[in-house]
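[1] Predicted model follows, preceded by the sequence.
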Amino acid sequence: MKATGSPGRWLIILPPLIFLLVFFLIPFAFAFKISFAQTAAHVPPFTDVLTVTPEHHWHLSATLANYRYLLTDEVYGVAYLFSLRTAFFSTLICLALGYPMAYAIARAPRATQSVLLLVIMLPFWTSFLLRVYALEGIIRDNGLLNTVLLNLGLIEHPLRIMRTNLAVYLGIIYSYLPFMVLPLFATLEKLDPTLLEAAADLGSPPWRAFLTITLPLSIPGVIAGSMLVFIPAVGEFVIPSLLGGPNNLMIGRVLWDEFFGNHDWPAAAAVAIAFLLLLVGPIAVYQYYNVRQLEA
Amino acid sequence: MERRSSLFLLSVLCLGIAILYIPILVLIGYSFNASPLVNVWGGFSTAWYGQLWHNRQLLEAALLSLEVAVSASTGAVILGTLAAVALVRFARFPGRLLLTGMVNAPLVMPEIITGITQLLLFVSMMQLIAWPHRGFTTIVISHVTFCTAYVTITVQARLASADRSLEEAAMDLGAHPARAFLEITLPIIAPAILSSWLLCFTLSLDDLVISSFVSGPGASTLPMVIYSKVKLGVSPDINALASLIVCAVGGIIIAAGWLMGRAERRRRLEMQLAQQ
């Protein structure tokens, strides 16, 4: 717009900037502050970290107890590691499944391509919670999978999948697969097919052309897709809660219980802050590739 | 490439699509099962659908969720479009990097973290300025926050690829920049705005985690009610409700996609004719 440099443009910039600042960024500051508070038996259920005395002096009463608790109580360390491992392997499986899917869509004729994309997008638009619930209908002890396998005589006793870690893996892969396919498709689609033709003309076998041309050029898509699966999967709550066993300690679930079960808000805030610090690296990587891709 | 590798790609694609769709189709099948037992087929019945209309708790939750979804997606579309315009059209301004970060971060931020931090904000605000009361308002604010990100990404991509020459021509002919934008560029990005509104609507309608944290007593959205029912075990009326929601959303998305595709082709044709 011509208005560049004029005060008018602040009418465009300020509303989203202020809204996101107040309701997205500043909440982290409050969570940080409350993570140094103690639980209290009033509403809200935590003590004030910063108070102003009647003489207008600032009074700081912070405690590191929540972070100490985080380091000493084994459950948190175990939960963080378990969540990272679950998310990591689910991401790998999503990638193994999603890459060939994205590749197949990218090579399909134009008209088929848009239909296939819609087919992949549609589950992403429909309810996440309901899809996790739908998966339960397949994998529970008397669900479709066991009924079919029993009737075919392939198994004698129902397979125990529900309330196991396998169910959590299946849930994450099933729910997050579209997030892997779409960014991969976006990079594979932009790939210049003449590069592969040139490689073939020069006598390169297809697998080698794939390894030396297609794969390296699709790395931004691989990273974007992996981060879109990995980061939310680490903090996943619905899937371990509905499909996982009682011993499945994903960090999202621990956080939820701390909050709604124990009503220990300061401890939950500390868990959330520690969790966020753990994710800063992956989020930064995602942002870097995302910005680069947008500007490409 | 060789035929063998094409066959491999095709079979993985079919496998992936099967994984995505079989659970939903099975769920819809179950919803017409007359028997309340999940592993027994008791004949075709629509009784579970009929029962939904008598469940006051579900109806009230559905109404609240719809109100939240409409308000949140409308708010998010306004803020997200403004952010997209700012990021695409203004190359340099103080806070640009901050805005880029805040627009992208909610896309990957685990919901549980957003939920907790926003609740702590709302509680602290309540202490300081006695606003907002937890319930409808706080749920809408939270939903606007994460939905804005999706709108900005979608509209930004569309705006960046839009041809600016027509808008510049209008301004050369004396149109005010705001008017040139509203009359020329806005119609071009309208499909992106509309589709992101729909996306926000479905995301808001579906949100469980953030709503659970920021909601107050008495305000239960539909996912919150569904979750607490599902947590207790499979219930056939939830199968019916889930099938209704999935079919309604799926139908709207397909119809919207088709209509927008058609409008887009017509617009391109008109542009071509106008330039001849």
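    That came through, no problem. Residues are numbered from 1 along each chain as shown, chains lettered A, B, ... in the order given.

[2] now the nearest residue to A:Ile283 once chain neighbours are set aside: how far from A:Pro266?
    Residue nearest to A:Ile283 in three dimensions, not counting chain neighbours: B:Val108, with 5.8 Å by Cβ to Cβ, 6 or more residues apart in numbering or on different chains. C-beta here means a position set from N, CA and C on the backbone, and glycine is covered the same way. Going from B:Val108 to A:Pro266 by Cβ to Cβ, to the nearest Å gives 26 Å.

[3] neighbour-wise, which of those two wins?
    Legend: neighbour count by other Cβ atoms under 10 Å in any protein chain shown for B:Val108 and A:Pro266, higher for A:Pro266 (26 against 22).

[4] Helix or strand: which one has the more buried one?
    For A:Pro266, the host element (DSSP states H and E) is helix A:265-295.

[5] biggest helix in chain A by residues?
    Using DSSP state H, we find that the single longest helix of chain A is helix A:74-107.

[6] Give the buried residues for it.
    A:76, A:79-80, A:82-84, A:86-87, A:90-91, A:93-95, A:97-107 (16 or more other Cβ atoms under 10 Å in any protein chain shown).

[7] Show me what the helix or strand just after it is packed against.
    Counting by DSSP H and E, the next helix or strand C-terminal to helix A:74-107 is helix A:110-125. The elements that helix A:110-125 packs onto, with contact taken as 3 or more Cβ pairs under 8 Å, 6 or more residues apart in numbering or on different chains; DSSP states H and E, are helix A:74-107, helix A:165-190, helix B:3-31, helix B:186-206, helix B:236-275.

[8] let's go with 7 Å and repeat that
    Secondary-structure packing of helix A:110-125 (3 or more Cβ pairs under 7 Å, 6 or more residues apart in numbering or on different chains; DSSP states H and E): helix A:74-107, helix A:165-190, helix B:236-275.

[9] Of all those helices, which one comes closest to B:Leu52?
    Each of the helices and strands packed on helix A:110-125 was scored for nearness to B:Leu52 using Cβ to Cβ, and the closest is helix B:236-275 (5.8 Å).

[10] what's the closest one packed up against?
    helix A:110-125, helix A:128-139, helix B:3-31, helix B:47-52, helix B:186-206, helix B:222-232.

[11] Just to check, B:Val151 is in contact with B:Leu203?
    No. Here B:Val151 does not reach B:Leu203: they are 10.5 Å apart, not a contact under Cβ atoms under 7 Å.

[12] more crowded one of these two?
    B:Val151 (30 against 21).

[13] Point out where the chain drops to low pLDDT.
    If you meant another chain, say so; for now it's chain A. For chain A, applying pLDDT under 70 flags the ranges A:1-6, A:291-296.

[14] please go with chain B instead
    B:1-2, B:38-39, B:234.

[15] rerun at 50
    Applying pLDDT under 50 to chain B flags the ranges B:1.

[16] how many neighbours does residue 37 have?
    Reading this off chain A. 24.

[17] um, chain B though
    With other Cβ under 10 Å as criterion, B:Leu37 counts 11.

[18] got it, and B:Val246?
    For B:Val246, the count of nearby residues is 23 (other Cβ under 10 Å).

[19] dump the residue contacts of it.
    Residues in contact with B:Val246 (Cβ atoms under 7 Å, 6 or more residues apart in numbering or on different chains) are A:126-127, A:130, B:24.

[20] got the residues you listed as CSV, with distance to A:Ile138 and neighbour count columns?
    Converted to CSV, the contacts of B:Val246 look like this (distance: Cβ to Cβ, whole Å; neighbours: other Cβ atoms under 10 Å in any protein chain shown):
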residue, distance to A:Ile138, neighbour count
A:Thr126, 16, 22
A:Ser127, 16, 24
A:Leu130, 14, 24
B:Ile24, 10, 23
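
[21] quick one: which of those is nearest B:Glu67?
    Using Cβ to Cβ, A:Ser127 comes nearest to B:Glu67 of the contacts of B:Val246, at 17.6 Å.

[22] which non-adjacent residue is nearest the closest one?
    Closest residue in space to A:Ser127, ignoring its immediate chain neighbours: B:Asp206 at 4.5 Å, by Cβ to Cβ, 6+ apart.

[23] That neighbour contacts B:Pro223, correct?
    Yes. Judged on Cβ under 7 Å, B:Asp206 makes contact with B:Pro223 at a distance of 6.2 Å.

[24] Please report how far A:Gly261 lies from A:Trp207.
    Using Cβ to Cβ, we find A:Gly261 at a distance of 53 Å from A:Trp207.

[25] count of residues packed around the closest residue to chain B within the stretch 101-250 of chain A?
    Closest residue of the stretch 101-250 of chain A to chain B, Cβ to the nearest Cβ: A:Gly235 (2.4 Å). Neighbour count of A:Gly235, defined by other Cβ under 10 Å: 26.

[26] Would you report the backbone torsion angles of the closest residue in space to it that isn't next to it in sequence?
    Distances taken as Cβ to Cβ, 6+ apart place B:Pro110 nearest to A:Gly235, at 2.4 Å, with adjacent residues excluded. Note on B:Pro110: its backbone torsions stand at phi -60, psi 130 [degrees, to the nearest 10].

[27] Now render the helices and strands packed on helix B:236-275 as TSV, adding distance to B:Thr137.
    Listed next are those as TSV, based on distance: least, Cβ to Cβ, whole Å:
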stretch	distance to B:Thr137
helix A:110-125	26
helix A:128-139	23
helix B:3-31	33
helix B:47-52	28
helix B:186-206	14
helix B:222-232	16
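
[28] Kind regards, and thank you for your time.
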